[in-house]
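1. curious how this folds, go ahead:
(one chain, ligands or ions: 1)
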Amino acid sequence: MKNFDVSVREVGLRDGLQIHPTFMPTASKIAWIEAAAAAGVGEIEVTSFVPPKLLPQFLDAEEVSRRALAVPGLTVAALIPNSRGAERGLALGVHKLNFVMSVSRTHNLNNVRREREESVADFRKIVELVKAQPGARRPRIVGGLSTALGCSFEGRIAVADVVKYALLLAEAGADELVVADTVGYADPAQVRAVFKAVMAEVGTLPLAAHFHDTRGTGLANVDAALECGVRAFDASLAGLGGCPFAPGATGNIVMDDLCFMLDSMGLTTGVDLHKLLAVREIVRAALPDIEMHGALARAGLPRNYQSASERAAAAAAA
Ligand code: ZN
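-> Numbering: from 1, shown residues only. Now for the predicted structure:
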């Protein structure tokens, strides 16, 4: 796999679709995945291994995963709520399993009906299960901390709590961590405080940021996380998704706008902006009722825009 300055991970197929009431046809999900990969998106969270009874949007999790795994060079990730989900991911050979718990006690109790310590214990068991796989079949196991920058039940979350659970997941054997602003409460000052504190404790463990643009602070938060040294970001095409606790709220940060901002800053992502914008049409055609966001799609690229890699090549030739 090629190395870029920043890795962007598409989460729209999971985070973006999970509360959408209309089922996105499996063929359209696969078309979206293939087109995003062709546009240069290197990693996609393609589905969630929750019980289909709970979220019918993901009743095709197996087929979507299998088809995504056939896309050359693509890192295929999936959300797992528990060890049953991990087993489904392992059976398919998914590259990355994203386990999620909430830093907020109330949110964790509401979401998975567990104390946070019980979630950490679940994660330890899942890591054991994953690490028992033979080398070639062993996925990377990711520890996700949702509501780390705010919770719709508890409001602000103490930085010390985020650090505590980040450390516990790291010690349990996570290959990577994701710190998530699940409900879009974060601001850049808070992002700096939280990410600096977590990074000071977990050392060189890869750390990704997952922001929602619910209150318009999404890309500012990306910039703050970049300043802290974060080089992996989740986003969803057209900012799909919303928040179950905030009706009408926008979703994840907009993948297209994120890639534009990074590229314009001179940070390569591997994504071709024109090709990425064209992927929106696949989503629009499949889900005419879904709300799509995006400033780049509205305004277009600046006049005479040169991509980060074009500018780097021109500078090297000069
Ligand atoms: Zn999210």
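2. quick one: the strands in the stretch 101-250 of the chain?
-> 140-146, 176-181, 207-211, 232-235 (DSSP state E, counting those that start in this stretch).
3. I33 is nearest to which of those?
-> strand 232-235 (15.1 Å; C-beta to C-beta). (Each C-beta comes from the backbone N, C-alpha and C, glycine too.)
4. sheet partners, orientation included, of the closest one?
-> Applying DSSP bridges, strand 232-235 is found paired with strand 7-10 (parallel), strand 207-211 (parallel).
5. which one of the ones you listed lies closest to L69?
-> Closest among the strands paired with strand 232-235, using C-beta to C-beta: strand 7-10, at 15.3 Å.
6. in which helix or strand does V76 reside?
-> According to DSSP states H and E, V76 maps onto strand 75-80.
7. rewinding a little: in CSV, list the strands paired with strand 232-235 along with mean pLDDT.
-> CSV is the format used below for those (pLDDT from 0 to 100):
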stretch, mean pLDDT
strand 7-10, 98
strand 207-211, 98
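8. could the ones you listed go into TSV alongside mean neighbour count and distance to L69?
-> Formatted as TSV, the strands paired with strand 232-235 follow (neighbours: other C-beta atoms under 10 Å; distance: least, C-beta to C-beta, whole Å):
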stretch	mean neighbour count	distance to L69
strand 7-10	24	15
strand 207-211	25	21
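9. if we can go back for a sec, could you export the strands of the stretch 101-250 of the chain as JSON lines, including distance to R67?
-> Output for those, formatted as JSON lines (distance: least, C-beta to C-beta, whole Å):
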{"stretch": "strand 140-146", "distance to R67": "20"}
{"stretch": "strand 176-181", "distance to R67": "24"}
{"stretch": "strand 207-211", "distance to R67": "24"}
{"stretch": "strand 232-235", "distance to R67": "21"}
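10. so for V112, which of those strands sits nearest?
-> Closest approach to V112 among these (C-beta to C-beta): strand 140-146, 10.3 Å.
11. partner strands of the closest one, with direction?
-> According to DSSP bridges, strand 140-146 has the following sheet partners: strand 96-102 (parallel), strand 176-181 (parallel).
12. between the ones you listed, which one is closest to N82.
-> N82 lies closest, by C-beta to C-beta, to one member of those: strand 96-102, at 8.4 Å.
13. returning to that earlier point: what's the angle between the strand holding V76 and strand 140-146?
-> Relative orientation of strand 75-80 and strand 140-146, computed by axes from the mean of the first three to the mean of the last three C-alpha atoms, to 10 degrees: 50 degrees.
14. please begin residue numbering at 48 from this point
-> Sure, I'll start numbering at 48, so the last one becomes strand 122-127.
15. for strand 122-127, list the C-alpha coordinates in CSV.
-> The C-alpha coordinates for strand 122-127 follow below in CSV (Å, rounded to 0.1, in the frame of the first residue of the first chain):
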residue,chain,number,x,y,z
THR,A,122,-8.5,-2.1,3.6
VAL,A,123,-11.9,-3.5,4.6
ALA,A,124,-13.1,-2.6,8.1
ALA,A,125,-16.3,-3.4,10.0
LEU,A,126,-17.8,-2.4,13.3
ILE,A,127,-18.2,-5.1,15.9
